[in-house]
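Asker: Sequence and predicted structure are below.
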Amino acid sequence: MNLFTLIFAAFLLAMLAWAFYFSKSKKSGLEIPKLFPSNWRSFLENEVQFYSKLPSGEKLRFESDVLEFLKRVKITGVKCEINDEDRLLVASSAVIPIFAFPEWQYNSLCEVLLYPDLFTEKFDFTGDHRYTSGMVGSGGAMNNVVIFSKPALWQGFDNKSDKSNVGIHEFVHLFDKQDGSIDGIPNIIMNHQMVLPWLHMINSTTSEIISGKSDINIYGATNRQEFLAVVSEYFFERPKLLKKKHPELYQILSQVFKTDLASKI
Ligand SMILES: [Zn+2]
């Protein structure tokens, strides 16, 4: 082996090591533990009501779904540092709507971006645009991205007595998108007999919201897809209250998400 071959081989090895390191760190941004760490478990117990109310066998399934999500989807802080707790809240938001569908994944999702504050739809912090706390990206490279304001994500889990959770809201849009379109009608779940009563329900409840006679967030009256996302936040955050105040709506949502949550939370 002459000197040139030796240098070339060393160079090749260095390139391979760099490529291996880079692909590994780029994919997830963190090492995924094989066993669910006990401090992660206590964090979920304290912060994620949905998890804390699960029976112990289902908690293990939730944990493995969280690990699987973190392996598949990169979570990146934009102009802010993020830690394991931020990642756990993103993963929990993703797991909750599809928990009753063990075979489901968010196939189109590659990356979740966390911003330090509310952002505009142009992703800057200046100008006169409407500020938002979360959104599903659309168009070109943004098709595979979900964006959250980090404080808004935390607020969704902090206040357990309100009916909102931006993490769940955005992932319900992706749940809705499993049939190819975000239109407020999850066709994979809803057969023909279910769609018509659902459209009826959307129209009548939207009228109540607009006339100020409903406790449902007015943002749900924007269109069908926002209606589904907003009432789903209510369903996952306050299932008993939803069942009491809107029994028919609760009934449909418990069919959609395949869970009678009011009997658990
Ligand atoms: Zn929305």
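Answerer: On my side now, so go ahead. Numbering: from 1, shown residues only.
Asker: ok, which stretches of the stretch 51-200 of the chain are strands?
Answerer: Listed in chain order, the strands of the stretch 51-200 of the chain (DSSP state E, counting those that start in this stretch) span residues 74-77, 111-115, 119-120, 131-132, 134-136, 145-149.
Asker: Mean neighbour count for these - can I get that in JSON lines?
Answerer: For every residue, glycine as well, the C-beta is placed using N, CA and C. JSON lines is the format used below for these (neighbours: other CB atoms under 10 Å):
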{"stretch": "strand 74-77", "mean neighbour count": "17"}
{"stretch": "strand 111-115", "mean neighbour count": "22"}
{"stretch": "strand 119-120", "mean neighbour count": "18"}
{"stretch": "strand 131-132", "mean neighbour count": "14"}
{"stretch": "strand 134-136", "mean neighbour count": "23"}
{"stretch": "strand 145-149", "mean neighbour count": "23"}
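Asker: export these to TSV and tack on distance to Ser263?
Answerer: Formatted as TSV, these follow (distance: least, CB to CB, whole Å):
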stretch	distance to Ser263
strand 74-77	33
strand 111-115	31
strand 119-120	38
strand 131-132	34
strand 134-136	29
strand 145-149	30
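Asker: can the ones you listed go into JSON lines with extra columns for distance to Asn191 and mean pLDDT?
Answerer: Shown next, in JSON lines, are the strands of the stretch 51-200 of the chain (distance: least, CB to CB, whole Å; pLDDT from 0 to 100):
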{"stretch": "strand 74-77", "distance to Asn191": "35", "mean pLDDT": "95"}
{"stretch": "strand 111-115", "distance to Asn191": "32", "mean pLDDT": "95"}
{"stretch": "strand 119-120", "distance to Asn191": "38", "mean pLDDT": "70"}
{"stretch": "strand 131-132", "distance to Asn191": "34", "mean pLDDT": "72"}
{"stretch": "strand 134-136", "distance to Asn191": "25", "mean pLDDT": "87"}
{"stretch": "strand 145-149", "distance to Asn191": "28", "mean pLDDT": "94"}
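Asker: Of those strands, which is nearest the ion?
Answerer: Nearest to the ion, of all the strands of the stretch 51-200 of the chain, is strand 134-136, at 7.1 Å by CB to the ion.
Asker: for this protein, which spans come out with low pLDDT?
Answerer: Low-confidence regions of the chain, defined here as pLDDT under 70, cover residues 1-29, 120-131.
Asker: For it, which segments count as helices?
Answerer: Along the chain, counting by DSSP state H, helices occupy 3-28, 38-47, 49-52, 56-72, 84-95, 150-158, 166-176, 192-210, 224-237, 239-245, 247-256.
Asker: And the strands of the stretch 51-200 of the chain: which comes nearest Gly180?
Answerer: Between Gly180 and those, the tightest spacing by CB to CB is seen for strand 134-136, at 13.8 Å.
Asker: Contacts for the closest one, please.
Answerer: Contact with strand 134-136 is made by 121, 145-149, 152-153, 166-167, 169-170, 173-174, 177, 182, as judged by CB atoms under 8 Å, 6 or more residues apart in numbering.
Asker: With distance to the ion as extra columns, can I get the strands of the stretch 51-200 of the chain in JSON lines?
Answerer: Rendered in JSON lines, the data for those read as follows (distance: least, CB to the ion, whole Å):
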{"stretch": "strand 74-77", "distance to the ion": "20"}
{"stretch": "strand 111-115", "distance to the ion": "15"}
{"stretch": "strand 119-120", "distance to the ion": "14"}
{"stretch": "strand 131-132", "distance to the ion": "9"}
{"stretch": "strand 134-136", "distance to the ion": "7"}
{"stretch": "strand 145-149", "distance to the ion": "11"}
